[in-house]
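**Student:** next comes the sequence, and after it the predicted model I'd like to discuss.
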Amino acid sequence: LVSDPLNPRRLIGISLVITVAVHAGIWLWTLWRHNSLERFSARGRHILLFVTGCSVYTLLNAFVLVQGAVGPDGDEPHYLLISHSMWHDGDIDLSNNFLQRDYWPFYPRELPQRSITTGDGHVYSPHGIGLPILILPAYVVGGYAGVVLLMSVLAALLALQLYQFVAYVTQDDRTACRTWILLGFSAPLLIYSSQIYPELPAGLISLIVLRHTLQIERVGWFKSILLGMLVGALPWLNARHFILLGALGICFGYHIWRTKQYKLSVMYAIPVVCSVCGFLVYNDSIYQTATPLGGYITEGGVASHLDFVTQYFDIRGILGIWIDRNCGLLSVSPVYLLALFGVPIALRAYSRPFVWVLLIIGLTWISIGFYWGWTGGHAPPPRFLVSVIALLGLPLAAYLQQESNRLQRMLLTGLAAMSYTIVMILEIFPYTR
């Protein structure tokens, strides 16, 4: 299909993508200019924004699939294969699945066997099982396309949480809606609405937990348990998300200490501790190492976490994750430059919540910035920032709230136009991602 630009299937897909993009653009422009959300109740706004995001993501991703130019790549087929084994074999041993090429329906070529073979012949993937469990119902019902649909829904939920978070902190629904428009329909969020990676659900969990933690006075014992369960699920998605677990735990603990609701800390901690202990026991039983990195240490053939960090250390990602021309955030979505401009404004206007935003983003940035795989491999850039990307909505909103002159409006228009142009190129020609 790449070598045949006049393929009818591809032309139909491109035409439908452009049609959806034009109609979505008209609707989003209406929301931006006329603040149409004012006529709705709070619940009505949330429903409208979720339905809009879900519709745009689902239709664009469906029409990209119609082109047939792309399919799962990188880690994606491995997550799908684990789900396949869970459903058809009732286990996560992939030895028979590789022999039978069970991945062929969604990955019709030889799949590199990124796995760990035990002494008794079992084959296990080093990838976390949290995402395969999450996508299992969608895979059973609709295969690869069903999973893409599920990721579209999760992306729409993340975009909605972005709106709710910004609206709560700023108390400005119009700015929150504009932030949702700018970030929800540009890269990387729109692109990752079709990608099968754990960073998207991790980002959704992080934003939900942070938003409720900032409103700790309204959190009862039952909601504390639910928040603890969500945070406890993070390592199961990927061991890197222990960083998010720690940052969110510090934030929750501080707000418990400030409000002296100590009983809630117990309700929050119980599911987190149980989940972490279960995760370490799982790593010990599967990979013979009761450590957070588990399968990655075994797969890499290193003796300890320190050896792993030393072997895979690379400082280039500290700046590269933001400005690299191929893999940096600003290269695929220049509008995030305004979020960086908004950092000092947010520090002055919303210092208390923004400190926690900086902590979560900063720890994630440092943890991936020194890792040699910061580029994300075959995944669209910047994969490892997706788990915290929505938090950049707050400094962007702070920038949008300030009194703007003509030059600032021109800068906003130019960067937004560049971001939307780039994301549409990536949607129309998905093999360029």
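**Tutor:** Cool, got the structure. Numbering: from 1, shown residues only.

**Student:** low-confidence ranges in the stretch 251-400 of the chain?
**Tutor:** For the stretch 251-400 of the chain, the stretches with pLDDT under 70 are 295, 297-313.

**Student:** show me where it has its helices.
**Tutor:** Assignment of helices within the stretch 251-400 of the chain using DSSP state H, counting those that start in this stretch yields the ranges 262-287, 295-300, 305-311, 317-323, 329-332, 336-341, 343-349, 351-369, 393-401.

**Student:** pick the most deeply packed of the ones you listed.
**Tutor:** helix 393-401 (a mean of 26; mean count of other Cβ atoms under 10 Å). C-beta here means a position set from N, CA and C on the backbone, and glycine is covered the same way.

**Student:** in the chain, which residue is most central in space?
**Tutor:** By Cα atoms, centre = their mean, the mean C-alpha position of the chain lies nearest to residue 200, the distance being 2.1 Å.

**Student:** so that one is in which element?
**Tutor:** Assigned by DSSP states H and E, residue 200 belongs to helix 199-214.

**Student:** same deal with residue 62?
**Tutor:** Going by DSSP H and E, residue 62 is in helix 42-67.

**Student:** which of the residues in that helix are buried?
**Tutor:** Neighbour counts over helix 42-67 (16 or more other Cβ atoms under 10 Å) mark 45-46, 48-50, 52-67 as buried.

**Student:** likewise for stretch 375-393?
**Tutor:** Counting neighbours by 16+ other Cβ under 10 Å, stretch 375-393 gives 375-376, 379-393 as buried.

**Student:** name all residues that make contact with the closest residue to residue 95 other than its chain neighbours.
**Tutor:** With sequence-adjacent residues excluded and distances taken as Cβ to Cβ, 6 or more residues apart in numbering, residue 95 is closest to residue 123, at 4.0 Å. If a contact means Cβ atoms under 8 Å, 6 or more residues apart in numbering, then residue 123 has 93, 94, 95, 98, 113, 115, 116, 117 as its contacts.

**Student:** roughly how far apart are the second one and residue 429?
**Tutor:** Spelled out, that is residue 94. 33 Å (Cβ to Cβ, to the nearest Å).

**Student:** mind checking which of the two has more residues around it?
**Tutor:** Between residue 94 and residue 429, counted using other Cβ atoms under 10 Å, the more crowded position is residue 94 (25 against 18).

**Student:** what about the closest residue in space to that one that isn't next to it in sequence, distance to residue 98?
**Tutor:** Leaving aside its sequence neighbours, residue 94 sits nearest to residue 123 (Cβ to Cβ, 6+ apart; 4.7 Å). Using Cβ to Cβ, residue 123 is found at 7 Å from residue 98.

**Student:** need the overlap of contacts for the two.
**Tutor:** By Cβ under 8 Å, 6+ apart, the residues touching both residue 123 and residue 98 are 113, 115.

**Student:** contacts for stretch 405-417, please.
**Tutor:** The contact list for stretch 405-417 (Cβ under 8 Å, 6+ apart) reads 182, 186, 334, 335, 337, 338, 400, 402, 404.

**Student:** what's the neighbour count on residue 104?
**Tutor:** 11.

**Student:** on the pLDDT front, check the residue with the largest distance to the centre of the chain for me.
**Tutor:** Here the centre of the chain is the reference, and by Cα atoms, centre = their mean the most remote residue is residue 120, at 36.2 Å. Residue 120 carries a pLDDT value of 80.

**Student:** related to what we said a few turns ago, was I right to think the residue nearest to the centre of the chain contacts residue 388?
**Tutor:** No. Between residue 200 and residue 388 there is no contact under Cβ atoms under 8 Å: 11.6 Å.

**Student:** which stretches of the stretch 1-150 of the chain have low pLDDT?
**Tutor:** For the stretch 1-150 of the chain, the stretches with pLDDT under 70 are 1-10, 13, 34-36, 67-69.

**Student:** redo that, cut-off 90
**Tutor:** Along the stretch 1-150 of the chain, the parts satisfying pLDDT under 90 run over 1-42, 59-60, 62-71, 112-122.

**Student:** about what we covered before: tell me which residues of whichever helix or strand comes after the helix holding residue 62 come out buried.
**Tutor:** Next along the chain after helix 42-67, taking DSSP H and E as the criterion, comes helix 76-88. Residues 76, 77, 78, 79, 80, 81, 82, 83, 84, 85, 86 are the ones in helix 76-88 that count as buried (16+ other Cβ under 10 Å).

**Student:** wouldn't the first one be in contact with residue 194 here?
**Tutor:** What it means is residue 76. No. Here residue 76 does not reach residue 194: they are 10.1 Å apart, not a contact under Cβ under 8 Å.

**Student:** tabulate the helices of the stretch 251-400 of the chain in JSON lines, adding columns for distance to residue 416.
**Tutor:** Shown next, in JSON lines, are the helices of the stretch 251-400 of the chain (distance: least, Cβ to Cβ, whole Å):
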{"stretch": "helix 262-287", "distance to residue 416": "39"}
{"stretch": "helix 295-300", "distance to residue 416": "38"}
{"stretch": "helix 305-311", "distance to residue 416": "39"}
{"stretch": "helix 317-323", "distance to residue 416": "18"}
{"stretch": "helix 329-332", "distance to residue 416": "13"}
{"stretch": "helix 336-341", "distance to residue 416": "9"}
{"stretch": "helix 343-349", "distance to residue 416": "18"}
{"stretch": "helix 351-369", "distance to residue 416": "22"}
{"stretch": "helix 393-401", "distance to residue 416": "11"}
